[in-house]
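J.: This is a predicted model, with the sequence first.
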Amino acid sequence: MSNASSIIVFTFLVGGYFNVLIESKSVDGFLSFLMRKLGSRSMLVIPVLVLIMSLLGATGVMANPVVAVIPIGILLAKKLKMDQIVGLAVMYLAAYGGYATSPICAMTVQVAQKIANITQLSGFGFRCIIWLVFFIPTLLYIMRYALRGRKDPSKSVMGDAVFDGDEASISAPLTWRHALALLGLVVGLGVYTFGSLRYNWGMSYMATIMLVVALFAAFITKMGVNGFVQSFLKGSQQMTFSATLMGLALNSMPHFLAGPVMFWFNLLFNFFVNSGSGQATVIMPIMAPLADVVGVTRQAAVTAFQLGDGLSNIIFPTSGTMMACLALSGVDYKKWIKWVMQLFLAWVVLGTITIMVVVASGVA
């Protein structure tokens, strides 16, 4: 029960802290600044933004909040004479690709490792390699479509569909205060990563560091006490579903999962439980002891969960974030599936190979 309680509290706290940073407009300001500076240089702006969004997704900052920056991606596509799919992919697909393969995400990797009783952020090095293995083909897939569509608009899966870009989407300023707030996040995550790898820091350290980062962001951007509290509560409320699942799952869950099909099972199970931390608390109490029985490491079980949970977020209509992004960008679900399915299948193949390598290598 104490294990469940600590994870539930951690989920509420980190959700609240991350939202404080989002509400400070630092992330919006940075992305808008980047777009203004890069202008219409498509060969540079797309890969740079894909990299940044993937890294933000990997930290967990730009998972659900990615909806807020979709208009920036749509405006980018319009300026580059490309369709909405490109704008959606640069923001949403890149962010969730990073989230799915993150080496540090608090809501997936760290929650799963806590439940599996293995050291926080253990396996950091090989997870960085996994992130890179998925990032490169994702970037190439987006760039190939973007350049082909720009050269020949008839190649667009959107057909004759048009969209309206909002010039105000890139008007968000990036002040020195916003820059310092983002620097605080980078330093905080860096300190925690170092502490976890060197001193085996756990969730309590992560929660404490993110509290300092959130307070610093609120102070430096002049959010005020009321702004901080309201942003924190809003972020915590968004985690209610995940925390509720935790309260139920960590105290009673039958051991029905068996066999070397953990990755595929999580891939499909994500349709029913689309919350990363919620799925971790439903699945990991089963998969951790199962891993011991079938002779694979618990680290492999965590990786199977992480990839299974994350990769299918880009296709299942039960993902509220995905559907909101599609609606905001004016992309029909069927057209999105038509375009993204090839990449998803490639992700599944890469995921299967990755799990086989992790199991064969015995990463602990």
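T.: Alright, I've got the coordinates.

J.: what's the neighbour count on residue 27?
T.: As a burial measure, residue 27 scores 25 neighbours (other CB atoms under 10 Å). Placement of C-beta: from N, CA and C, glycine included.

J.: Is it correct that it is in contact with residue 69?
T.: Yes. Using CB atoms under 8 Å, residue 27 is in contact with residue 69, at 7.2 Å.

J.: do you know how far residue 135 is from residue 94?
T.: 8 Å (CB to CB, to the nearest Å).

J.: Need the phi and psi values for residue 123.
T.: Phi and psi for residue 123, reported as degrees, to the nearest 10, are phi 80, psi 20.

J.: So for it, what's the pLDDT?
T.: Residue 123 is assigned 82 on the pLDDT scale.

J.: Tell me how many other residues crowd the nearest residue in space to it that is not next to it in sequence.
T.: Of all residues not flanking residue 123 in the chain, residue 299 sits nearest, at 5.0 Å (CB to CB, 6 or more residues apart in numbering). Residue 299: 24 surrounding residues under other CB under 10 Å.

J.: And residue 88, by the same measure?
T.: Residue 88, neighbours per other CB under 10 Å, totals 25.

J.: And the residue nearest to it when sequence neighbours are not counted, how close does it get to residue 86?
T.: Of all residues not flanking residue 88 in the chain, residue 329 sits nearest, at 4.6 Å (CB to CB, 6+ apart). Going from residue 329 to residue 86 by CB to CB gives 10 Å.

J.: Give the residues shared as contacts by these two.
T.: Shared contacts of residue 329 and residue 86 (CB atoms under 8 Å, 6 or more residues apart in numbering): residue 73.

J.: between the two, who's got more neighbours?
T.: The neighbour count for residue 329 versus residue 86, taken as other CB under 10 Å, is higher for residue 86 (30 against 24).

J.: And the helices in the stretch 1-150 of the chain, which stretches?
T.: Applying DSSP state H, counting those that start in this stretch to the stretch 1-150 of the chain gives helices spanning 2-23, 26-38, 42-59, 70-79, 84-88, 94-100, 111-115, 124-151.

J.: Show me the one of the ones you listed that comes nearest residue 322.
T.: Of all the helices of the stretch 1-150 of the chain, it is helix 94-100 that lies closest to residue 322, at 7.9 Å by CB to CB.

J.: so what secondary structure elements neighbour that closest one?
T.: helix 42-59, helix 124-151, helix 298-311 (3 or more CB pairs under 8 Å, 6 or more residues apart in numbering; DSSP states H and E).

J.: what's the closest of those to residue 335?
T.: For residue 335, the closest of these is helix 124-151, at 12.5 Å, according to CB to CB.

J.: Run the angle between the closest one and helix 298-311 for me.
T.: Here the directions of helix 124-151 and helix 298-311 differ by 20 degrees (axes from the mean of the first three to the mean of the last three CA atoms, to 10 degrees).

J.: helix or strand right after helix 124-151?
T.: Following helix 124-151 in sequence order, the next helix or strand is helix 176-199 (DSSP states H and E).

J.: on that earlier part again, same list as before, the helices and strands packed on helix 94-100 that is, but in CSV and with distance to residue 199 included.
T.: Shown next, in CSV, are the helices and strands packed on helix 94-100 (distance: least, CB to CB, whole Å):
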stretch, distance to residue 199
helix 42-59, 20
helix 124-151, 14
helix 298-311, 19
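
J.: Make sure residue 31 is actually in contact with residue 72.
T.: Yes. Here residue 31 reaches residue 72: they are 5.4 Å apart, a contact under CB under 8 Å.
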